[in-house]
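> Got a predicted model here, sequence first, then my questions.
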Amino acid sequence: MLDQYFDEVKKEFSLGINKKGHPFRYVTLGTVDAGGIPQLRTVVLRQVQDDLSLRIYTDSRSSKIAQLLQNPTASLLFYHPKKLLQVKVTATASIITDPTELAKYYTGVQPNSKKDYTTAQPPGATLSNPDEVSYLEATHFFTIIAFAPTQIEYLQLKRPNHIRASFTKTNDEWEGRFINP
């Protein structure tokens, strides 16, 4: 029965990148800053690899990059409101730096979205007016963060009983167990 829940997680991840409007498209990413303060933000799930590695795109100058370089442990939280399904992923993050791989995926970014990676100022820079954002023509700061899951927690809110399971990756194998909701 645990396999059924693990398969559902994989299916929902896939739908998150392939089905427009699917709630798993937008995920909450948690990191820790240099002062030990948790930082949360919403990111877009871009890829799911066969090994369940999850990938997002970001500006290489963003604070999440510095945080993950200092502490590569991250959490990703997915929620499907219609199914009342929550999936929490604990993962080790790595920053993709291979220029060939980055170029391959950057060419696939929609033209309107490419500007997100070409601002003259880094994300978080102070502006006196939102109209002050300026863009670079020949330079971009596109990068990919890959998250290798080490644990996945499944929580299905339902009556009469909630269902909660934890899946831990050990030696490239996933081991599941039910846990108290």
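Looks like it came in fine.
> wouldn't residue 78 be in contact with residue 22 here?
No - Residue 78 is beyond contact range of residue 22, at 10.1 Å (criterion: C-beta atoms under 8 Å). Yep, even glycine has a C-beta here, placed from its N, CA and C like the rest.
> quick one: which of the two has more around it?
Taking other C-beta atoms under 10 Å, residue 78 and residue 22 do not tie; residue 78 has more neighbours (22 against 16).
> Report the beta-bridge partners for the more buried one.
Counting by DSSP bridges, residue 78 is bridged to residue 87.
> Which neighbours do residue 78 and residue 22 have in common?
Residues touching both residue 78 and residue 22 (C-beta atoms under 8 Å, 6 or more residues apart in numbering) are 12, 16.
> In this protein, which residue sits furthest out from the middle?
Ranked by distance from the centre of the chain (C-alpha atoms, centre = their mean), the top residue is residue 160, with 31.7 Å.
> Can you give me the pLDDT of that one?
Looking at residue 160, its pLDDT reads 89.
> I figured residue 26 hits residue 46, correct?
No - taking contacts as C-beta under 8 Å, residue 26 lies outside contact range of residue 46: 11.4 Å.
> Pull out the buried positions in stretch 100-108.
Of all the residues in stretch 100-108, those buried under the rule 16 or more other C-beta atoms under 10 Å are 102, 105-106.
> Sort out which one of those residues lies nearest residue 61 for me.
Residue 61 lies nearest to residue 102 out of the buried residues of stretch 100-108, by C-beta to C-beta, at 14.4 Å.
> Let's see the helix or strand containing the closest one as CSV, backbone CA atoms only.
Residue 102 is part of helix 99-106 when elements are defined by DSSP states H and E. The C-alpha trace of helix 99-106 is given here as CSV (Å, rounded to 0.1, in the frame of the first residue of the first chain):
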residue,chain,number,x,y,z
PRO,A,99,27.6,26.1,-19.3
THR,A,100,26.4,23.7,-21.9
GLU,A,101,23.6,22.4,-19.8
LEU,A,102,22.6,25.9,-18.7
ALA,A,103,22.6,27.1,-22.4
LYS,A,104,20.4,24.1,-23.4
TYR,A,105,17.7,25.0,-20.9
TYR,A,106,18.0,28.8,-21.2
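> Can you tell me what sits against whichever helix or strand comes after it?
Proceeding N to C from helix 99-106, the next assigned helix or strand is helix 111-114, under DSSP H and E. For helix 111-114, the external contacting residues (C-beta under 8 Å, 6+ apart) are 106, 140, 142.
> which one of those sits closest to residue 33?
Residue 33 has its nearest neighbour among these in residue 142, at 22.9 Å by C-beta to C-beta.
> Who are the contact partners of the closest one?
57, 59-60, 102, 105-106, 109, 114, 117.
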